[in-house]
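Enquirer: Let me see the structure of the following:
(chains A and B)
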Number of protein chains: 2
Amino acid sequence: MQTKILLPEDRLPKQWYNIIPDMPGQMAPVVHPGTLQPVTPDDLLPLFPMPLIEQEVSTERWIDIPEEVRDILRLWRPSPLIRAHQLEKALGTPAKIYYKYEGVSPAGSHKPNTAVPQAYYNKIAGTKRIASETGAGQWGSSIALACQHFGLECTVYMVKVSYGQKPYRKSMMQLWGANVLPSPSNQTNAGRSILARDPDNQGSLGIAISEAVEDAATHEDTRYALGSVLNHVCLHQTVIGLEAKEQLAMVGAFPDVVIGCHGGGSNFAGIAFPFIADKANGREIRIVAYEPASCPTLTKGTYAFDYGDTAKMAPISKMYTLGHDFMPPGIHAGGLRYHGASPLVSQLLHEGVIEAKAVAQTACFEAAVLFARTESIIPAPESSHAIRGAIEEALQAKEEGKEKTILFNLSGHGHVDMTAYDAYFNGELEDYDYPAEAIRESLSHLPKIG
Amino acid sequence: MQTKILLPEDRLPKQWYNIIPDMPGQMAPVVHPGTLQPVTPDDLLPLFPMPLIEQEVSTERWIDIPEEVRDILRLWRPSPLIRAHQLEKALGTPAKIYYKYEGVSPAGSHKPNTAVPQAYYNKIAGTKRIASETGAGQWGSSIALACQHFGLECTVYMVKVSYGQKPYRKSMMQLWGANVLPSPSNQTNAGRSILARDPDNQGSLGIAISEAVEDAATHEDTRYALGSVLNHVCLHQTVIGLEAKEQLAMVGAFPDVVIGCHGGGSNFAGIAFPFIADKANGREIRIVAYEPASCPTLTKGTYAFDYGDTAKMAPISKMYTLGHDFMPPGIHAGGLRYHGASPLVSQLLHEGVIEAKAVAQTACFEAAVLFARTESIIPAPESSHAIRGAIEEALQAKEEGKEKTILFNLSGHGHVDMTAYDAYFNGELEDYDYPAEAIRESLSHLPKIG
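Expert: Numbers count the residues shown, from 1 in each chain, chains lettered A, B, ... in the order given. Next up is the predicted model:
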């Protein structure tokens, strides 16, 4: 009864899969938030090093992973693919459930897959310091870890309320050498102007992005790094799906359905994109993104041009959005509280290549508890959305008496999210109603493009 | 540049290595705390199921691992063996450093290696519930996890001060279905009598052991489980060293020195015992236990008969001890704060087969920070003692210009120990003086045996 399917590290992918040449239809341009004209590479140079800008628009299907990046990734990659025998037994399903476990990274999630190459390309481009933001802390700890490896300084603007509530994440970033500032901070004009109006402001991801972008744009030796949404981030995450496909092939399997949780889109892209190539080649396969019902970007949003951030300083992209000033309820899956979505994922959904479903918070925790009590691993609240999806598919297979192969991405562990489980067991978790009124309001503020 | 050496799961050991037939000299008897006579298997039956009692005294060199146990262990085993390239580079050492990483278990340490078979043998012996104790929570979460897999109830008496300070560990145990009680509790005579005298008593491991033992002894369907010290616990942990030896052989290596941190002795026994067999066969190899300078059982203790617990309810064993009523300072490596040591490890030290060294707390954290900033993994404070040992050996090799192969056991991760790192960075960690007076006092209370 084989449980873990391991790839030896010499099978760590040597190239990332770039989905751009295989996209259905033409990609919409990215628009400058100031001029409302398509951005040029030069517009982006204050924020990103040239190799990443080139990857953002590359039409090469395969892009080499530098050896220096593979040397760091191999500290934990290839990550295991695990057959969920114990969960299958508990569900009594004829389906075979496999999960790719990204929680084996030192930061505990898939985020270092892109943090490491981002730090590397900054290093070779001469960057001395990276400025970034973090909400719950998964991304911040990953970029801190990556900067440490390449000798870059790292400044992380951490949403102030999380800075207080997630002290373990802050400590991890400091252990990996980052300078962590509660945001709004007095280090930037953006932060200072908010503090002047509201000294007790608890921060938001939108504010933290504005601070990090300003920090990068106003310091010659400093660049900005983003942990999701962008094309190059999705590109770097494809190691997940590439490995998973090879691991499944080792046991003669291929998925009927591929599932990932969805916030900005990066872990979903990572597990899904390499299988979309197969779908394009005529293979029958369903690919489903699971998002929180309280922040239903893909299932209730609009496919339109919108700002990437609340403060309207980030580029404008065509994507599914709830409106850049939509403020989602405070669910525990902090990594899924984003108003927009990756433009690549958005277009795939718009073209009908992938599906999206929304699930309520308590249903996800119920799934996470069953998972922890069968498969033992404690899932991150974000990842529990994918588990819920896999269980729904497995139960449907049982009802229909069908064999079916399910693959999902377990994007991270929940070791530092135990207070969320406490809240679930204490009956303190709310399932928020679909915030229809707030979404209608925020969607009325979209920029007028094209 | 190979970093991780992985064993496929069909190479998970099928047998544990029992060192008893290979011990130098005769083992001293275990003595009943009431009668002061050698214990019989019948004396132990209220506490342990017969298969574990048999393993405790078995003289078979190899003992089969039940398939049901292997099916659970394979959720994370074989654990990776990792070559510490980045650490070696930072040290500039010619030594090759390998570490076995036990933090990949769902509970985050080596403890489930014995929790799973203990729960299994209890299950087949008809036990309905296991009572145990935990200090910092590593063992408690492991036995909770194991009971969950075999459908056993689990009651964990958690030292009250840790119950308050380590809420994440408590939450993990609850997630895995255990009933966690702050100790002293009002569920036992031992707990009630202490609370009657001192309602604000913050508990100790000695008190928690007394409560769990009483719970098991006074309930027909309940047995007791211990996470270290005992022969069968050391036996179960030998999967660590057996795997490591096979993994090293895959790259044509064999260690010159094997290092483990030492508290009760179980993770040290796990990495070391399989190599002691080679030493007995004439192979040149050093085997070194690293313990905290503030609780220097092996380096400053006496080799004598002593009680396993403060309350003198546990059996009396011949071992290195600081005296059963010695109270070590409150260092962050909570898992290493034990007055005694495994009788097997003790005899090996007494016979000169192994060595022991003591290291100060801040020196260990310094090593842990260097490790986290090179190898990325955040070590548990306990494991940092082994890292310190490996670094000392590697620097000595550099001084002597010698190639040398170093193997150490990274027994767990520190994801829920980040407050200890905060204290280190804030300069709040104390290095306690060698507590000579307290040890002299407690050693005057040893029982008079033989």
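Enquirer: A:P24: how many residues sit nearby?
Expert: Applying the criterion other CB atoms under 10 Å in any protein chain shown, we find 12 residues in the vicinity of A:P24. Yep, even glycine has a C-beta here, placed from its N, CA and C like the rest.
Enquirer: and it, what does it touch?
Expert: Counting by CB atoms under 8 Å, 6 or more residues apart in numbering or on different chains, A:P24 touches A:347-348, A:351, A:353.
Enquirer: again, only using 6 Å
Expert: Contact analysis of A:P24 by CB atoms under 6 Å, 6 or more residues apart in numbering or on different chains lists A:E351.
Enquirer: From the centroid of chain A, which residue is nearest?
Expert: When chain A is reduced to its mean C-alpha position, the nearest residue by CA atoms, centre = their mean turns out to be A:S266, at 3.7 Å.
Enquirer: Check chain A for me, the residue farthest from its geometric middle.
Expert: Computed with CA atoms, centre = their mean, the residue of chain A farthest from its C-alpha average is A:G401, at 33.9 Å.
Enquirer: Identify the residue nearest A:H350 in space, chain neighbours excluded?
Expert: Distances taken as CB to CB, 6 or more residues apart in numbering or on different chains put A:Y303 closest to A:H350, at 5.1 Å, once the chain neighbours are dropped.
Enquirer: ugh, wrong one, I meant A:A95
Expert: When the adjacent residues along the chain are set aside, A:A95 lies closest to A:A397, with 3.9 Å between them (CB to CB, 6+ apart).
Enquirer: part of a strand, is the one you found?
Expert: No. For A:A397, which was evaluated using DSSP: H, G, I helix; E, B strand; the rest coil, the result is helix, with no strand membership.
Enquirer: mind listing what it touches?
Expert: Applying CB under 6 Å, 6+ apart to A:A397 gives the contacts A:93-95, A:404.
Enquirer: rewinding a little: now the residue farthest from the centre of chain A. Its backbone dihedrals?
Expert: phi 60, psi 30 (degrees, to the nearest 10).
Enquirer: Skipping its backbone neighbours, what lies nearest it in space?
Expert: A:P94 (6.8 Å).
Enquirer: Look at that neighbour and give its secondary structure.
Expert: Of the three states, A:P94 takes coil according to three-state DSSP.
Enquirer: which helices and strands does the lowest-mean-pLDDT helix or strand in chain A pack with?
Expert: Lowest on mean pLDDT, DSSP states H and E among the helices and strands of chain A sits helix A:160-165, with a mean of 86. Identification of packing neighbours for helix A:160-165 by 3 or more CB pairs under 6 Å, 6 or more residues apart in numbering or on different chains; DSSP states H and E yields strand A:179-183.
Enquirer: Run a quick neighbour tally on the residue in the stretch 1-150 of chain A that chain B sits nearest to.
Expert: The stretch 1-150 of chain A approaches chain B most closely through A:P106 (3.7 Å), counting by CB to the nearest CB. Around A:P106 sit 19 other residues, with neighbours defined as other CB under 10 Å.
Enquirer: My read is that it contacts B:I377, right?
Expert: Yes. If you go by CB atoms under 6 Å, A:P106 and B:I377 touch, sitting 5.2 Å apart.
Enquirer: which ones are touching A:R337?
Expert: When contacts are counted by CB under 6 Å, 6+ apart, A:R337 is found next to A:295, A:328.
Enquirer: Need the nearest residue in space to A:C295, chain neighbours excluded.
Expert: Nearest-residue entry for A:C295: A:P328, 3.9 Å, with adjacent residues in sequence omitted and distances by CB to CB, 6+ apart.
Enquirer: rewinding a little: got the phi and psi for the residue nearest to A:H350?
Expert: Comment: the main-chain dihedrals of A:Y303 come out as phi -90, psi 100, following degrees, to the nearest 10.
Enquirer: got the contacts of A:A397 as TSV, with distance to B:V213 and neighbour count columns?
Expert: Formatted as TSV, the entries for these read as follows, by distance: CB to CB, whole Å; neighbours: other CB atoms under 10 Å in any protein chain shown:
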residue	distance to B:V213	neighbour count
A:T93	42	23
A:P94	46	14
A:A95	45	23
A:K404	49	19
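Enquirer: Which of the residues you listed sits closest to A:L336?
Expert: Taking CB to CB as the measure, A:L336 lies nearest A:A95 of those, at 24.9 Å.
Enquirer: correct me, but that closest one touches A:I406?
Expert: Yes. The pair formed by A:A95 and A:I406 meets the contact definition of CB under 6 Å, at 5.5 Å.
Enquirer: Counting neighbours, what do you get for A:T362?
Expert: 13.
Enquirer: With A:P8 instead?
Expert: Using other CB under 10 Å as the criterion, A:P8 is surrounded by 12 other residues.
Enquirer: Relative to A:D71, how far out is it?
Expert: For A:P8, the distance to A:D71 under the criterion CB to CB, to the nearest Å works out to 16 Å.
Enquirer: One more: A:G34?
Expert: Going from A:G34 to A:D71 by CB to CB gives 40 Å.
Enquirer: For these two, work out which one has more neighbours and name it.
Expert: More neighbours surround A:D71 than the other of A:G34 and A:D71, with 17 against 11 (other CB under 10 Å).
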